[in-house]
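[1] got a structure for you, letters missing:
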């Protein structure tokens, strides 16, 4: 498994990403959307509340392309993990 930090995305921008395989996403700064899912840095986790800080992009979605949108007031930065033979 390979890990990498995704480049920061400026406020109000979006990027369409196509990759060779699936990946895990953990936002470490900011908030936004990855495809149709919310992605946000956790500041406080409460019992029985849904969190948006752990996402997975399948190989099919990665090959088709996925839009990453920054909806927050600052940078959006995520820690990403890739499977074998992706990079």
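    All right, it came through fine. Predicted model, so just to flag it, every value in this text is computed and none were measured. Numbering: from 1, shown residues only.
[2] isn't residue 35 right next to residue 67, touching?
    Yes: here residue 35 lies in contact with residue 67, judged by Cβ atoms under 8 Å, at a distance of 6.5 Å. Where you see a C-beta, it was placed from the backbone N, CA and C, and this is true even at glycine.
[3] okay, and the helix or strand of this protein with the least pLDDT?
    Scoring the helices and strands of the chain by mean pLDDT, DSSP states H and E places strand 2-5 at the bottom, with a mean of 42.
[4] Show me which parts of the following helix or strand past it are buried, residue by residue.
    Going down the chain from strand 2-5, the next helix or strand is strand 14-17, by DSSP states H and E. Within strand 14-17, no residue is scored as buried using 16 or more other Cβ atoms under 10 Å.
[5] For the remainder of this discussion, apply numbering that starts at 36.
    With the count now opening at 36, the last piece we talked about shows up as strand 49-52.
[6] Can you name every helix or strand that strand 49-52 contacts?
    Using 3 or more Cβ pairs under 8 Å, 6 or more residues apart in numbering; DSSP states H and E, the elements in contact with strand 49-52 are strand 101-105.
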